[in-house]
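**Q** Got a sequence here, can you model it:
(chains A, B and C)
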Amino acid sequence: MPELPEVETTRRGIAPQIVGRRVRDVRIYDRRLRQPVPANLERLLQGRRIDAVERRSRYLLFRMDTGTLLVHFGMTGSLRAYAKLPARVPHDHLDIVFDSGVALRYHDPRRFGLVLWIPAQSPTHPLLAELGPEPLEAGFNAKDLQRALRGRTAAIKLALMDNRIVCGVGNIYANESLFRARIRPTTAAGRVSRARLARLVEEVRATLTEAIASGGSTLRDYVDSEGTAGSFQLSYCVYGREGLPCRVCGTAIRAVRQGGRTSFYCPRCQRR
DNA sequence: AGGAAAACCTGCGTGC
DNA sequence: TGCACGCAGGTTTTCC
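**A** Below you'll find the model as predicted:
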């Protein structure tokens, strides 16, 4: 499910329901994720109050006085809030029940996701230590981006999806942002001019902001914390549109493989 | 050291 | 109907 807009949509849906609430019960059904769900998670969370729900890159961070619960959705993970939990279905991994009766359920068929505990006194967690700037914050700008990409021969799209350069931009939104900035995904990152990088920064911001406003994208199964589907997939210009006419010029959209992922672009609108 | 490829998983659509 | 194959929103590891 998750690029930044889907994680942020989930955060906004969940936070008002659980901030200030205490964990009444934790039930774990399947610990198998990218790393096993911690053996003592139940004890760590029991009775703790949620002070805040934050997002860094595609990580959700549930802040408590004793530490932070870190949740990542991998490719297919999701977190939903329920006033009353429904019957379990395959790939439900765990429930966190609060004193209000609201419960969060984590579901992840492919198990690329993560549920980890970070103690309050520990240094920056390795997963968070090397992350680049947030794309919607001032740290993501043409000047710093140009410095980061100087001399790089890797394709601009791969750089855009590199969490050390800028975090949270995945395959869908990298493709869409590059189309809107009129930059071909295969162009060497170090060869994109400052002016074009400035345009790219603006288009990444606009694309993500619009996607969040649409509640994210629902491709196969993603729904927000309330179970509502996102609608940004209806706005795609290039993603998943190989062979279909460009919405701007009518030229057939092309697909190419980069870094094991499919890139989509308009050969006429994105010349270099 | 940068960069490409493979690995980790399950589910679904397609084509034979 | 069944089966083989390829592909999918991410990240890490391995290999050149």
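
**Q** What distance do you get for A:A138 to A:A213?
**A** Look at A:A138 and A:A213: by Cβ to Cβ, to the nearest Å, they are 20 Å apart. From N, CA and C alone the C-beta is placed, and that goes for glycine too.

**Q** Looking at the two, which is more packed in?
**A** Ranked by neighbour count (other Cβ atoms under 10 Å), A:A138 and A:A213 place A:A213 first, with 12 against 8.

**Q** Neighbours of A:E242, how many?
**A** That count, for A:E242 with other Cβ under 10 Å as the rule, works out to 14.

**Q** Find the residue closest to it in space, skipping its chain neighbours.
**A** Counting by Cβ to Cβ, 6 or more residues apart in numbering, A:A255 is the residue found nearest to A:E242 once chain neighbours are left out, at 4.0 Å.

**Q** could you point out which element follows the helix or strand harbouring that neighbour?
**A** Using DSSP states H and E, A:A255 sits within strand A:254-258. Later in the chain than strand A:254-258, the nearest helix or strand by DSSP H and E is strand A:261-265.

**Q** A:E242 contacts A:V256, correct?
**A** No. Under the criterion of Cβ atoms under 8 Å, A:E242 is not in contact with A:V256, lying 9.5 Å apart.

**Q** List the backbone torsions phi and psi for whichever residue of the stretch 151-272 of chain A sits closest to DNA strand C.
**A** Nearest residue of the stretch 151-272 of chain A to DNA strand C (Cβ to the nearest atom of the strand) works out as A:G170 at 1.9 Å. With angles defined as degrees, to the nearest 10, A:G170 sits at phi -100, psi -170.

**Q** And it, how close does it get to A:F73?
**A** 11 Å.

**Q** out of the two, which sits in the busier spot?
**A** A:F73 (24 against 18).

**Q** To what extent is the residue in the stretch 1-150 of chain A positioned nearest to DNA strand B buried, counted in neighbours?
**A** DNA strand B sits closest to A:R110 of the stretch 1-150 of chain A, with a gap of 3.3 Å, by Cβ to the nearest atom of the strand. Look at A:R110: counted by other Cβ under 10 Å, it has 12 neighbours.

**Q** Ok, A:K84 next?
**A** Around A:K84 there are 7 residues (other Cβ under 10 Å).

**Q** show me the contacts for it.
**A** Taking Cβ atoms under 8 Å, 6 or more residues apart in numbering, we find A:K84 in contact with A:G101.

**Q** could you say which helix or strand contains A:L158?
**A** helix A:156-160.

**Q** and stretch A:2-20, anywhere near DNA strand B?
**A** No. Stretch A:2-20 stays clear of DNA strand B (Cβ under 7 Å from any atom of the strand), getting no nearer than 14.3 Å.

**Q** Check which residues of that stretch are buried.
**A** A:2-11, A:13-15, A:17-18 (16 or more other Cβ atoms under 10 Å).

**Q** low pLDDT regions in chain A?
**A** Within chain A, the ranges that satisfy pLDDT under 70 run A:1, A:220-223, A:225.

**Q** Enumerate the residues of it near DNA strand B.
**A** A:34, A:75, A:90-91, A:109-112, A:152-155, A:158, A:220, A:259-260.

**Q** So which residues of the stretch 51-200 of chain A form strands?
**A** Secondary structure of the stretch 51-200 of chain A by DSSP state E, counting those that start in this stretch: the strands cover A:52-56, A:59-64, A:67-72, A:78-82, A:92-98, A:103-107, A:114-119.

**Q** now those in CSV, with mean neighbour count and distance to A:L131?
**A** CSV is the format used below for the strands of the stretch 51-200 of chain A (neighbours: other Cβ atoms under 10 Å; distance: least, Cβ to Cβ, whole Å):
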stretch, mean neighbour count, distance to A:L131
strand A:52-56, 16, 7
strand A:59-64, 20, 9
strand A:67-72, 21, 12
strand A:78-82, 21, 20
strand A:92-98, 20, 24
strand A:103-107, 22, 22
strand A:114-119, 18, 14
